[in-house]
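[1] Coordinates only, no sequence provided:
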């Protein structure tokens, strides 16, 4: 067979030719843009020539600090298109971590959204490698800024060559992208994505039994483009010719609901927090969401009540998916098998609340205390992964050694697997509660609590216990109107029939808000500190 | 990212784990078998250990002379599973060509269906490399045969190790399969498929916008397993967990129709001749075909009337696809784009009669007399292809040089491309009729003729002409009951409004049958000889 490399650039070139008329609908600060893939292709080619002019070479890292919009998409293809590396930076991290990431990746050029300029201005003195700043703005003039040299994206594009060619000198194992993931302790860890990894992952997203991304789709990635490349959807959607809707900066649940109705969105992807917010909006407003064929939910496990609301009340299929920054990210997706279609609605919800089966192309094993666990839906163990879109290291980072062992990525996620091969995330290895030598799953308790009508969010953490080593404490945010009407005992009584007695939380604390990571996951480390402070415990 | 090779064996291992209960339903000579993927996995492991015992080494060619059934499927995975090469042999070729193919490929072991034994017995003295024969039979004893040494497939499997492991010492560019394609002149030409090519091709088959092969499918490949690996469907269907129905030896249209109804077949694949036969059967019998979501048609262009009957009369979506032995084979598939859904039924049929757009992962260009042609649906040129599942040579064959030039495969197919990127096969380069310096498409004339109610099949060939260089003559087979009622002039009158005057055939000849290749394509070379003989022309 021909030795033709799998490259990111080839995906956009396919769209330029075969989906030239299809649209990218992009909300920026100032207005809504509608561009075709012919436009995006030409602008990306201009941008490649601009990168070349700015001195970007093969292998150089090109950083972005940006929301979801078409210019960000263009960089997705232009950076790998010249053999450079797209480095998306999580704008919600602390300044300290942002400085670390940019310096550690050695970003040469930074593309920055207008409203994120102040964040970069505040840290620019600490940036050791950046040579050029580019601001992405709709306005005719450059905004006031002390960043230097600072260029306007659109002005640069004017000077670019719309017929510039994608590099043909790319090995498919060359880096195409990178993304840093927050660590429990210490600095963020960098993950590098190869051209090959991104292309194979895009094929996996297009499979009929995974996300089935199609030309007929109108896809709205709510998950940020700085969060594992918006789960790879911009690559796959471009390649397969889907219409893409980009909700832009500082969107609200209202804007999401409006965009779904206005643009007939068929598939959308985001973390549970987003869907909790959207659900509230749908309950208040009067939106037509009948175009939606799939809500993809990842990042952390969705509460059963949330899934039930989407599926039963709004008739919107809700697909749990599972992955990580280290896995590009798609690992599993929950789709019912043909012979599971006869299950009752409740049984189907049980399935939906699991993370699904491994997508074709990957391998997994689950390691418990005594080697690989039985696939019986009961035994817990850590999920290990292997495959062509799984990272093999953290970028220039000693923590590689503990996570990548003997050719397997140790996810740190504790799962069970049932006889169908369906995995269920039980916990993070470090969040499991070890009580009296046995394991208690914080996730199971959280899901049970969130099924109570009064509970908006619940997070369960371990506190030290002299007798049992650790004991669970639940932290709960109530829905509006329930404060003062629901007590600890109401919830304990609700949990009691569902769990062994020793699983029940020792206490239930009520919070206004649960601290979250920049990508919407519960920040258990911080919550644990708050809980311990509440009890006046020592660290 | 991890360096994990794409291997054929990993596909079956995925099915063993995640689709263990799903079935392969296989018709052999004697009976219907129902096996699960757990069974197939275990039997394939046994077979791998048997191959090992029989002395098959990495890189050795393992030949098959067999219909579509589960044992053939097991060899599909067992041969590449130990690093050897699956060589499927077209049982409909002449003995001379079969001898050539087996010797040229240097097959070490031959797996033979019971009813094909006589064919091999007749040529065994000429086979220079085969060391072992294995007969695939349901019967408890070996059939009478003078082949030596001859083993029974099932007896060998009894001795095999059901826990034998797939080789982990495979480079994804290693050969996994091979298939010979008939040449216009001379011996058949061998094409080698790599593990990488087969895996990527399987992903392409699973994409939502190509064949969308899914766990929920019941797939019946009518296209023989010796014809470009049944278009790769057994690999993809196994990987994605589809139920597979295998119609076995010497099936009839009646059996196909019965199997569709009985097993709720959702997708089926074959050449136009098969669908013409099935259509006749559907018109005579009373079958429920409502389970069918797709008829895939390739090998040669389907007449518009055939497509119309499936789509309008039976409400069965009919997908033209295009490919070749050299292309694994999927190259294009005709699926309407979202904005083409508003077309009239007639316009949709026009689209269906084209071959569709390139599947993601491949590149194409169309070369006319003056370089690349415009995508205007008018200009004709030869289709050139490039991609990771396109061959880069004919196996040990000098004809490589004319077909594989500067990194592109020259298909020999003449196409037009419209503004949507949809290709339409106009002709084979060698079947185009050159009249007075202009090109006439034999395929266009054939399709027009086949739209006449009386015409069952039509093939148009060029005959030498002193004045115009070449002129078209049409060869027509009439539907039953039309013989004697339809004359040449009726058909010419029917064609007249549709074509320029100089395109109209000089003559129309009526045949009982049109000679076809072993895979159901018109054998124009032979037909041309018959026509010339009819006119007493010299060669």
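    Perfect, thanks for sending it. In this text, all values refer to a predicted model and were calculated from it rather than measured experimentally. Residues are numbered from 1 along each chain as shown, chains lettered A, B, ... in the order given.

[2] isn't residue A:177 right up against residue A:196?
    No - shown here, residue A:177 and residue A:196 do not form a contact pair, counting by Cβ atoms under 8 Å, at 11.8 Å. Quick note: C-beta positions are derived from backbone N, CA and C, even for glycine.

[3] Neighbour count: the two, which is higher?
    residue A:177 (27 against 22; other Cβ atoms under 10 Å in any protein chain shown).

[4] secondary structure element for that one?
    Assigned by DSSP states H and E, residue A:177 belongs to strand A:175-181.

[5] per-residue confidence averaged over the next helix or strand after that strand?
    Counting by DSSP H and E, the next helix or strand C-terminal to strand A:175-181 is strand A:189-194. Taken as a whole, strand A:189-194 has a mean pLDDT of 98.

[6] What of stretch A:279-295?
    Stretch A:279-295 comes out at a mean pLDDT of 95.

[7] mind listing what's buried in that stretch?
    A:279, A:281, A:282, A:287, A:289, A:292, A:293, A:294, A:295 (16 or more other Cβ atoms under 10 Å in any protein chain shown).

[8] what about the residue nearest to residue A:455 when sequence neighbours are not counted, which helix or strand?
    Nearest in space to residue A:455, with sequence neighbours left out and distances taken as Cβ to Cβ, 6 or more residues apart in numbering or on different chains, is residue A:449 at 5.2 Å. Using DSSP H and E, residue A:449 maps to helix A:442-450.

[9] Mind giving me the packing neighbours of that helix?
    Helix A:442-450 sits against helix A:304-308, strand A:423-428, strand A:455-465, strand A:469-478, helix A:488-495, with contacts defined as 3 or more Cβ pairs under 8 Å, 6 or more residues apart in numbering or on different chains; DSSP states H and E.

[10] The closest residue to residue A:241 other than its chain neighbours: neighbouring residues, count only.
    Once flanking residues are discounted, residue A:241 sits nearest to residue A:19: 3.2 Å by Cβ to Cβ, 6+ apart. Residue A:19 has 24 neighbours, counted by other Cβ under 10 Å.

[11] With the one 10 residues further on instead?
    Using other Cβ under 10 Å, residue A:29 is surrounded by 16 other residues.

[12] domains of chain A?
    Listed domain ranges for chain A are A:362-428, A:432-538 (source: automatic domain parsing).

[13] following the lengthiest helix in chain A, which helix or strand shows up next?
    As assigned by DSSP state H, the longest helix anywhere in chain A is helix A:37-53. Using DSSP H and E, the next helix or strand after helix A:37-53 towards the C-terminus is strand A:61-65.

[14] Could you list the residues in contact with whichever helix or strand comes after that following strand?
    Beyond strand A:61-65 on the C-terminal side, the first helix or strand identified by DSSP H and E is helix A:70-81. Here helix A:70-81 makes contact (Cβ atoms under 8 Å, 6 or more residues apart in numbering or on different chains) with A:7-9, A:11-12, A:24, A:26, A:28, A:33, A:35, A:40, A:43-44, A:47-48, A:51, A:56, A:62, A:64, A:66, A:85-86, A:111, A:136, A:153, A:166-167, A:170, A:176-177, A:195, A:198, A:225, A:229, A:234-235, A:238, A:244, A:246.

[15] now helix A:70-81 and strand A:189-194, what's the angle there?
    70 degrees (axes from the mean of the first three to the mean of the last three Cα atoms, to 10 degrees).

[16] quick one: strands adjacent to the helix or strand following helix A:70-81?
    Moving toward the C-terminus from helix A:70-81, the next helix or strand (DSSP H and E) is strand A:85-88. Strand pairing for strand A:85-88, determined by DSSP bridges: strand A:61-65 (parallel), strand A:175-181 (parallel).

[17] For strand A:85-88, give the mean pLDDT please.
    On average, strand A:85-88 scores 98.

[18] which helices and strands sit right next to the helix or strand just after that strand?
    Downstream of strand A:85-88, the first helix or strand assigned by DSSP H and E is helix A:95-105. Applying 3+ Cβ pairs under 8 Å, 6+ apart, we find helix A:95-105 packed against strand A:61-65, helix A:117-123, strand A:175-181, strand A:189-194.

[19] What segments of the stretch 101-250 of chain A are strands?
    A:107-113, A:132-136, A:150-152, A:175-181, A:189-194, A:218-221, A:243-246 (DSSP state E, counting those that start in this stretch).

[20] Need the winner for burial among the domains of chain A.
    domain A:362-428 (a mean of 18; mean count of other Cβ atoms under 10 Å in any protein chain shown).

[21] May I see the buried residues of the helix or strand in which residue A:259 is found?
    Using DSSP H and E, residue A:259 maps to helix A:253-263. Neighbour-count burial for helix A:253-263 flags A:253, A:256, A:257, A:258, A:259, A:260, A:261, A:263 (criterion: 16+ other Cβ under 10 Å).

[22] can you list the residues you listed in JSON lines and add distance to residue A:476?
    Formatted as JSON lines, the buried residues of helix A:253-263 follow (distance: Cβ to Cβ, whole Å):
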{"residue": "A:253", "distance to residue A:476": "22"}
{"residue": "A:256", "distance to residue A:476": "26"}
{"residue": "A:257", "distance to residue A:476": "27"}
{"residue": "A:258", "distance to residue A:476": "31"}
{"residue": "A:259", "distance to residue A:476": "32"}
{"residue": "A:260", "distance to residue A:476": "30"}
{"residue": "A:261", "distance to residue A:476": "33"}
{"residue": "A:263", "distance to residue A:476": "36"}
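
[23] how about the helix holding residue A:259 against chain B, any contact?
    No - legend: contact between helix A:253-263 and chain B by Cβ under 8 Å from any Cβ of the partner chain is lacking; minimum distance shown is 12.9 Å.
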